[in-house]
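Student: return atomic coordinates for the entry below.
(chains A and B)
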Protein chains: 2
Amino acid sequence: MDTPDGASVSTDDVWLAGDSDAERKFLRGYAELAVRAGANVQAGQFCVITSQVEDLPFARMVAEAAWRAGACDVQTFFFDRFDRYLLARYGADERLGRSEVAAVGLFEWLLQRRAAWVNVARDDVPAFFRPLDQHRLAEVVPRRRRQLYNELISQQRIAWTIAAPPGPQWAEAVFGSPDVARLCGVLDGICRLDQPDPVAAWHARSRELEARAALLDEHRFDALHLRGPGTDLTVGLLDGAHWSSATSTTSWGQVFIPNLPTEEVFATPDWRRTEGRVAAARPLAAQSGTALVEGMRLDFHNGRVVAAHADLGEEFLRQLLATDDGARRLGELALVTDSPITATGIPCFHQLLLDENAGSHLALGSAYTDLVEATVGLTPDQLSSRGVNQSAIHEDVVFGDSYTEVDGIHTDRTRVPILAGDNWLLT
Amino acid sequence: MDTPDGASVSTDDVWLAGDSDAERKFLRGYAELAVRAGANVQAGQFCVITSQVEDLPFARMVAEAAWRAGACDVQTFFFDRFDRYLLARYGADERLGRSEVAAVGLFEWLLQRRAAWVNVARDDVPAFFRPLDQHRLAEVVPRRRRQLYNELISQQRIAWTIAAPPGPQWAEAVFGSPDVARLCGVLDGICRLDQPDPVAAWHARSRELEARAALLDEHRFDALHLRGPGTDLTVGLLDGAHWSSATSTTSWGQVFIPNLPTEEVFATPDWRRTEGRVAAARPLAAQSGTALVEGMRLDFHNGRVVAAHADLGEEFLRQLLATDDGARRLGELALVTDSPITATGIPCFHQLLLDENAGSHLALGSAYTDLVEATVGLTPDQLSSRGVNQSAIHEDVVFGDSYTEVDGIHTDRTRVPILAGDNWLLT
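Tutor: Now for the predicted structure:
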């Protein structure tokens, strides 16, 4: 259809049919993986799928996989971003933060159940968003739904996972051509669907990552020292901060893998103790891929970015850092080695789920408070003054490449090598 | 995508983009009509749109039209019949009647508001339904949602309308080829979109139909006598039955047109007093177009069908009549003249909304109880014994053509001509 502004939504853009057998095979495998390894849907469990209308075929595959996994009921809720477009274009200011009535009903229902949830995600920006007033568009935030979402997640009241099916727009962003078959081929290996038993392969990888996190927890490092071309950075860790990895657990003990793929172990730094400089090894596809920053270099002093440069997108980077106080400070430190995403040699996937698992990274902006002990009930100001950063942004800066070395530093200044390039050293 | 049974959903089947300017123009006009003349969306009113995912482009047009009409908020809820397929295929018996959690939340919310509702409908049967156990599929009925729907409608708590956008499958059923442009052209006239002010044209037509209904009410006919080739039928009318037409009114006084197009005036017969025979002038596309009955001839005695014949689909017709006691009895009598649907010369539209407005018709099966005084709170048995028919079916039999004559008969046996062929005579 055409939209009032002439932005056109063609069939090819939105309808991912999986044109070849190979594509369909990949999509079915990925759907199966999201259900069995990701949300880990249990026999007799209620399962909900949320999806953009554009991802209808994949959402249907996920639904069928959930039924086959023994769910007692499977229901899919479709969102349409054109609804958001219309709200931004025609809605009264005070309505912009409204939530979809049906979604609110669904999320409230989910809070009372022990359900599984597969969120089918896409990072592209629809063409019909472009002519809109971007400030108004940014204010279209479904507040009540987000609040319910946060309750579901933070109180571990749902077993959830995110899956991002390939489509022509995504392939275009990665390869410069809408070669979905090629993207499926690349993702096949990344998702370990080329293994004899992909679910078992993910369980094995999860155990590996959990062992790394446990080792890092045991060491109780005071700080990490990152070295590499253009990078010489010390990142202080919070006392009482835990390393986390692939799996999460619901309040009733159901283990699930929120992100597939996942290759990282991550912790919350003490933002006040970042010192030195870091050079990005991969581009930053910020704000759902709308902005690209390449060749980023950041200087930190007393925990704050004091100088920022980029070969491409420097102006955007400056705006990003000016968002709020927390935008110049660190909220996450994640370590990645032997990731099949890195092995593809593709410099940028324009998809957070993949790019953050392509190499060790830092995040500018908000920290995950649930990785830090005794933070429940603290205000944002209290969290910040304890070193747990708060911000409206959370953007990953991948610094890890084959030259990167990361050491752990104990409080007595002794050093232990953690990783070198693609090799994990800590044992 | 392909489905597990190999039934394939191609882009062409499901994605109605409105390929030509003429199609898009028609769809926009029809969306505007559904909003302005149909649901009659008021400034400041909340508007909800329900649609199958396949009708996304038209649903978006309706949503935009509703915003432009001044709705304070517009939200679209998408259903996917693949959800129904999966439920029928994998669901436990006791789950088949479940409703979508999100839809229930939405409908409950609507009961508390004075909202407008555009229901985007389609009568096609998806290919993936075919390999299913049809008895199980028939049991997939969203009970709670239907119950809430009935509350909304019967208590006049929503201003609603139904719109059926053309698509390739529908065009194929009508013309034998997926010529959507041709169908749009035909519908353009039927929907009075070829008039300078289509909304005004529908208001004028509504007044005309309401005047007919008022005249019929004034006459308080005891029965109607229908004559034509193969038809000589007396249909008794219920004392206290009203004639109705195009418009309805919400509990707060908002007038709306539930069906667009609409050409009929209709009343509830006393099923016990049907006598004679009737021949169908048009095919019956029963059960959402899955079955076609042509050349139907029915003999009535003491209110019941005692003989039934058809040139095509006779076996299906017999099954239909055997559904329950009420399936052999009349539940509706509707009079239609000068309908642009008849004027197209197309023998069957395979769409209830159009076929029932193509000519005067009877309906086998359930009666509209709200057209009869003092029926609130009566049980189905009580209704039946008062002459208000009850059944699981409601199938229209169009008998009206250019040879048809309908007279009204008063209790004193005097006769008044109501219509002859395409001419309305009662004044």
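
Student: quick check: the residue of the stretch 201-350 of chain A nearest chain B.
Tutor: For the stretch 201-350 of chain A and chain B, the shortest gap (C-beta to the nearest C-beta) falls at A:Thr250, measuring 19.0 Å. C-beta here means a position set from N, CA and C on the backbone, and glycine is covered the same way.

Student: so for A:Asn249, what's the nearest residue that isn't a sequence neighbour?
Tutor: If you look again at residue A:249, you'll see it is Thr, not Asn. A:Val255 (5.3 Å; C-beta to C-beta, 6 or more residues apart in numbering or on different chains).

Student: if I pick that neighbour, what's in contact with it?
Tutor: A:40, A:247-249 (C-beta atoms under 8 Å, 6 or more residues apart in numbering or on different chains).

Student: quick one, which of those are buried?
Tutor: Buried members of the contacts of A:Val255, counted by 16 or more other C-beta atoms under 10 Å in any protein chain shown: A:40, A:247-248.

Student: return the member of these nearest to B:Ala213.
Tutor: Checking the buried ones among the contacts of A:Val255 against B:Ala213 with C-beta to C-beta, the nearest one is A:Asn40 at 60.2 Å.

Student: which element, helix or strand, includes that closest one?
Tutor: For A:Asn40, there is no enclosing helix or strand under DSSP states H and E.

Student: that one and A:Val120, how far apart?
Tutor: A:Asn40 is 17 Å from A:Val120, where distance means C-beta to C-beta, to the nearest Å.

Student: do A:Asn302 as well
Tutor: In terms of C-beta to C-beta, A:Asn302 sits 42 Å off from A:Val120.

Student: ok, residues contacting stretch A:185-201?
Tutor: Under C-beta under 8 Å, 6+ apart, the answer for stretch A:185-201 is A:22, A:26, A:29-30, A:32-33, A:36-37, A:166, A:202, A:205, A:260-261, A:340-341, A:343-344, A:346, A:354.

Student: can you check stretch A:138-155 too?
Tutor: By C-beta under 8 Å, 6+ apart, the surrounding residues in contact with stretch A:138-155 are A:84, A:87-88, A:91, A:93, A:96-100, A:103-104, A:107-108, A:110-111, A:117, A:157-158, A:160, A:251, A:370.

Student: from what I can see A:Ala392 touches A:Ala322, true?
Tutor: No: applying C-beta atoms under 8 Å, one finds A:Ala392 not in contact with A:Ala322, separated by 11.4 Å.

Student: report the contact partners of A:Asn389.
Tutor: A:269, A:271, A:326, A:329-331, A:365-367, A:383.

Student: got the contacts of A:Val255 as a markdown table, with pLDDT, secondary structure and distance to B:Gly230 columns?
Tutor: Below are these laid out as a markdown table (pLDDT from 0 to 100; DSSP: H, G, I helix; E, B strand; the rest coil; distance: C-beta to C-beta, whole Å):
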| residue | pLDDT | secondary structure | distance to B:Gly230 |
| --- | --- | --- | --- |
| A:Asn40 | 98 | coil | 65 |
| A:Thr247 | 94 | coil | 73 |
| A:Ser248 | 93 | strand | 71 |
| A:Thr249 | 95 | strand | 73 |
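
Student: closest to B:Gly408 out of the residues you listed?
Tutor: A:Asn40 (69.1 Å).

Student: from A:Ser51, how far out is the closest residue to A:Ile346 other than its chain neighbours?
Tutor: Setting aside the residues directly before and after it, A:Ile346 is nearest to A:Val174 in space (C-beta to C-beta, 6+ apart), at 6.3 Å. Applying C-beta to C-beta, the value for A:Val174 to A:Ser51 is 21 Å.

Student: quick one, which of the two is more surrounded?
Tutor: Between A:Val174 and A:Ser51, counted using other C-beta atoms under 10 Å in any protein chain shown, the more crowded position is A:Ser51 (27 against 22).

Student: secondary structure class for the residue of the stretch 101-250 of chain A found nearest chain B?
Tutor: Of the residues in the stretch 101-250 of chain A, the one nearest chain B is A:Gly105, at a distance of 1.5 Å by C-beta to the nearest C-beta. Under DSSP: H, G, I helix; E, B strand; the rest coil, A:Gly105 falls in the helix class.

Student: now the longest helix seen in chain A: buried residues?
Tutor: As assigned by DSSP state H, the longest helix anywhere in chain A is helix A:198-219. By neighbour count on 16+ other C-beta under 10 Å, the buried set for helix A:198-219 is A:198-199, A:201-203, A:205-206, A:209-210, A:212-213, A:215-216.

Student: state the mean pLDDT of that helix.
Tutor: The pLDDT scores in helix A:198-219 average 97.

Student: do stretch A:404-413 as well
Tutor: Rounded mean pLDDT across stretch A:404-413 is 97.

Student: which SS class is the closest residue to A:Asp355 other than its chain neighbours?
Tutor: Counting by C-beta to C-beta, 6+ apart, A:Phe349 is the residue found nearest to A:Asp355 once chain neighbours are left out, at 5.2 Å. Following three-state DSSP, A:Phe349 is assigned to coil.

Student: next, count neighbours for the residue of the stretch 201-350 of chain A closest to chain B.
Tutor: 18.

Student: that's a helix at A:Phe221, yeah?
Tutor: No: judged by three-state DSSP, A:Phe221 forms no part of a helix; its state is coil.

Student: so it touches A:Val406, yeah?
Tutor: No: applying C-beta under 8 Å, one finds A:Phe221 not in contact with A:Val406, separated by 10.3 Å.

Student: rewinding a little: what sits against the residue of the stretch 201-350 of chain A closest to chain B?
Tutor: Taking C-beta under 8 Å, 6+ apart, one finds A:114, A:156-159, A:256 in contact with A:Thr250.

Student: who wins for most neighbours among those?
Tutor: A:Ala159 (26 neighbours).

Student: check which helix or strand that one maps to.
Tutor: Residue-wise, A:Ala159 maps onto strand A:158-163 under DSSP H and E.

Student: what's the local residue count around the closest residue to A:Leu425 other than its chain neighbours?
Tutor: Of all residues not flanking A:Leu425 in the chain, A:Pro417 sits nearest, at 4.5 Å (C-beta to C-beta, 6+ apart). For A:Pro417, the count of nearby residues is 14 (other C-beta under 10 Å).

Student: tell me the secondary structure for the nearest residue to A:Ser20 once chain neighbours are set aside?
Tutor: Nearest non-adjacent residue to A:Ser20, counting by C-beta to C-beta, 6+ apart: A:Ala181, 5.6 Å away. For A:Ala181, the secondary-structure state derived from three-state DSSP is helix.

Student: burial count for A:Ala181?
Tutor: Neighbours of A:Ala181 using other C-beta under 10 Å come to 16.

Student: now do it, the pLDDT please.
Tutor: 93.

Student: was I right to think it contacts A:Glu23?
Tutor: Yes: the criterion here is C-beta under 8 Å, and A:Ala181 meets it with A:Glu23 at 5.7 Å.

Student: same question for stretch A:168-176: list its buried residues.
Tutor: A:168-174.

Student: so how far is it off the chain centroid?
Tutor: 19 Å (C-alpha atoms, centre = their mean, to the nearest Å).
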